[in-house]
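A.B. asks: fold the following and give me the result.
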Amino acid sequence: MSNGRIPEEIIEAVLKHHDIVDVVGRYVHLSKQGHYMKGLCPFHSEKTPSFTVTPEKQIYHCFGCGAGGGAIQFLMAMEGYSFAEAISHMAKEANLDIGLDPQAGGRTQQNPEKTKLLEAYELAGKLYQYILKNTEQGKQAMQYLRSRGLHDRMIETFGIGYAPPQWDTLAQLLERREFSLPLMEKGGLLSARQDGQGYFDKFRDRILFPIHDWKGQLIAFGGRAMGDAQPKYLNSPESMLFYKSRSLYNFHRSRAQIRKQQQLVLFEGYVDVIKAWEAGVTNSVATMGTALTEEHAEFIRKQADQVIVAYDGDGAGQAAAYKSIPILEKAGCLVKVAMIPNNQDPDDYISTQGSERFVREVIEAAVPSIKYKLLYFRKNFKLQEDGDKLRYIQQALKIIADITSPIEREHYVKELAAEFHYSFETAMQNLNEIRLQSEKNNRFGDNNDKPWNNVMNDARPRERTPSLFPAYHNAERQLLAIMMYDREVTHYVERKLGDQFNVDTHAALAAYLYAYFAQGFEPNASNFIAMLQEADLEGLASSLAMMGNSHGVNEKVIDDYIREIKKYPQQQQIERKREEMIRAERSGDIIRAAQIGIEIISLEKQLKSS
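C.D. replies: Residues are numbered from 1 along each chain as shown. Predicted coordinates:
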């Protein structure tokens, strides 16, 4: 079997030290459902979990997109590793010395430009931190940070630095270290001079906040001007490392707490996150001053069930919070919004009111999204005037009508009726009329973009009906599923059927199973899949492994499957003969048609007796 020249015993040893639930759990929030663990697939967008991990078999499989395999395949897919790189990484984590060069036997190598850029960003980060903490140029920036309530430990923890006003401090260092300056421009660290005579630093006279990817690698900077320089905030441009629409500030640091609490607190700015972290909100991230995107929301949903939006308390911040709600809810998040009084931002509130009050009165007191929408719209109406009051009630009922839970709808209608002294029954009647009209206007499901993952409320699934496989195809799948867990059945099938599988991928998988058991390995789906190293076969094997061999298996069942598989070529031959007979009849060759007819009868007899 081809395994990139890595011995099977090494693969087996590595897998023994890694439970697939732990490996997948670093990337996907998994919930226990019987013998399985389920979560949202990291390989495609979905609202209803179809990604399944089977601890007993040490495999994963997505019933939505078909991705599947074991721990090694999952790591390869998530990290872009080659097979050898994934094995080497997992061995290192398990403190196993396997004497393996990750590049030897690897199918791909990491992009060398990305590697150099990561080195350059790491060097730049250290340079800017040094300038901030150890030079005369950095003193003013340090004083500014301390005036904002950021003490030395926080500055150190978050790696904050300072870019001096000189034009080429970083450019000179990178050139001395023999980095490619055109690549450094491409990566967002430098800018090219207009006259084409060299390069200058992208950031000058700015406090710099390092931005990391989820693995903790420095990939960009967020720069803040201390004086009147414009723009006030400046991020690194997008590059092969940095994508604003997918990156979240501080995620690498807060990831463990987010996963543990299943809650993420979303801020707008760097300092908000840093001050909140110091206040004990260690599940905090920020969108770095950019608008929340659908990519952000989908990424967040894969990490946590609940999101608390803690944007600035001014009009712009609250408008941004309101816009974020449908984006997050579309991704499947439970959304709450933190209410910060007096137009303050989180940073100001913590500085003036203290950490304890911030946690208790802002974060823990965050209101459900529906409550926030009602409060947000309320500001636009003069409730002391009857006309505006009635318009607000109508608007509020429209908002409440979108709630899927009948209990929640009733709760908010009761609150609304009690506040404005209207009959609850009348308000509910009005609400039901709004819902009825909405249903007439929109007779579609909740996930129109992906109908295969969508069920309309109290109606038929709007998913595509999968094509039904012919009998021989199902027989091959059932037989392979049994073979994966039974050495003796595999040997029996090899003798009786060999390579006569009709589907090419089934024949290939059978060949791998023959070889696997011939080498003396015990039945183990995860180990077998690890040795395939072909994406199509890995997905097929994982789906078959999910079927298992729990159904009644005996010699008659196996023989029936083999018989059904062998019948298909005979049926195909009979069909070709019939077509040939029809052509002979149409051409007037009656004798030839009669001869073919006799051949068909003979083949049909053979088929019945087989």
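A.B. asks: Leu431 versus Ser438, what's the distance?
C.D. replies: Going from Ser438 to Leu431 by Cβ to Cβ, to the nearest Å gives 11 Å. Where you see a C-beta, it was placed from the backbone N, CA and C, and this is true even at glycine.
A.B. asks: who's more crowded, the two?
C.D. replies: Neighbour totals were compared for Ser438 and Leu431, and Leu431 leads with 21 against 12 (other Cβ atoms under 10 Å).
A.B. asks: residues touching that one, list them.
C.D. replies: By Cβ atoms under 8 Å, 6 or more residues apart in numbering, Leu431 lies in contact with Leu397, Ile400, Ala401, Arg409, Val413.
A.B. asks: same thing but 6 Å
C.D. replies: By Cβ atoms under 6 Å, 6 or more residues apart in numbering, Leu431 lies in contact with Leu397, Ala401, Val413.
A.B. asks: repeat that for Phe203.
C.D. replies: With Cβ under 6 Å, 6+ apart, Phe203 has these contacts: Ala163, Gly223.
A.B. asks: so what does it look like in phi/psi?
C.D. replies: phi -110, psi 130 (degrees, to the nearest 10).
A.B. asks: per-residue pLDDT, it?
C.D. replies: Note for Phe203: predicted pLDDT of 95.
A.B. asks: can you check Glu178 too?
C.D. replies: pLDDT, Glu178: 95.
A.B. asks: over to Glu463?
C.D. replies: For Glu463, the model assigns a pLDDT of 40.
A.B. asks: what's in contact with stretch 119-131?
C.D. replies: 137-138, 159, 161-164, 170, 179, 184, 189, 208, 210, 218.
A.B. asks: may I see the residues you listed organised as CSV, with secondary structure, distance to Arg301 and neighbour count added?
C.D. replies: Shown next, in CSV, are the contacts of stretch 119-131 (DSSP: H, G, I helix; E, B strand; the rest coil; distance: Cβ to Cβ, whole Å; neighbours: other Cβ atoms under 10 Å):
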residue, secondary structure, distance to Arg301, neighbour count
Gln137, coil, 43, 16
Gly138, coil, 40, 21
Gly159, coil, 28, 17
Gly161, strand, 33, 26
Tyr162, strand, 36, 27
Ala163, strand, 35, 25
Pro164, coil, 41, 21
Leu170, helix, 37, 26
Phe179, coil, 38, 20
Met184, helix, 35, 24
Leu189, coil, 32, 27
Leu208, strand, 30, 27
Pro210, strand, 26, 21
Leu218, strand, 26, 23
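A.B. asks: contacting residues around the helix or strand harbouring Phe377?
C.D. replies: Under the criterion of DSSP states H and E, Phe377 resides in helix 369-378. For helix 369-378, the external contacting residues (Cβ under 6 Å, 6+ apart) are Tyr322, Ile325, Val335, Val337, Gln395, Ala396, Ile399.
A.B. asks: repeat that for stretch 136-149.
C.D. replies: For stretch 136-149, using Cβ under 6 Å, 6+ apart, the contacting residues are Ile131, Leu132, Tyr162, Pro164, Ile207, Met226, Ser351.
A.B. asks: again, but for stretch 397-416
C.D. replies: Lys373, Ala396, Phe424, Ala427, Met428, Asn430, Leu431, Ile434, Arg435.
A.B. asks: look at Leu234 and give its secondary structure.
C.D. replies: strand (DSSP: H, G, I helix; E, B strand; the rest coil).
A.B. asks: so what's the residue count around it?
C.D. replies: 19.
A.B. asks: which pLDDT value belongs to it?
C.D. replies: So, for Leu234, pLDDT stands at 90.
A.B. asks: now it: closest residue in space that isn't a chain neighbour?
C.D. replies: Spatially, and ignoring its direct neighbours in sequence, Leu234 is nearest to Gly223 (4.4 Å; Cβ to Cβ, 6 or more residues apart in numbering).
A.B. asks: surely Ala91 touches Val14?
C.D. replies: Yes: the pair Ala91 / Val14 is scored as a contact, 5.3 Å apart, by Cβ atoms under 6 Å.
A.B. asks: compare the two and say which is more crowded by neighbours.
C.D. replies: The residue with more neighbours, out of Ala91 and Val14, is Val14; 25 against 20, by other Cβ under 10 Å.
A.B. asks: secondary structure element for the more buried one?
C.D. replies: helix 8-16.
A.B. asks: and the helix or strand just after that helix, what does it pack against?
C.D. replies: Counting by DSSP H and E, the next helix or strand C-terminal to helix 8-16 is helix 20-25. Applying 3 or more Cβ pairs under 6 Å, 6 or more residues apart in numbering; DSSP states H and E, one finds that helix 20-25 contacts strand 51-54, helix 71-79.
A.B. asks: and those, which one's lowest on average pLDDT?
C.D. replies: Across those, helix 71-79 gives the lowest mean pLDDT, at a mean of 86.
A.B. asks: and that one with helix 8-16, angle?
C.D. replies: Relative orientation of helix 71-79 and helix 8-16, computed by axes from the mean of the first three to the mean of the last three Cα atoms, to 10 degrees: 70 degrees.
A.B. asks: are any of the contacts of stretch 397-416 buried, and which?
C.D. replies: Buried subset of those (neighbour count, 16 or more other Cβ atoms under 10 Å): Lys373, Ala396, Ala427, Met428, Asn430, Leu431, Ile434, Arg435.
A.B. asks: distance of Gly539 relative to Ser423?
C.D. replies: With distances taken as Cβ to Cβ, Gly539 is found 58 Å from Ser423.
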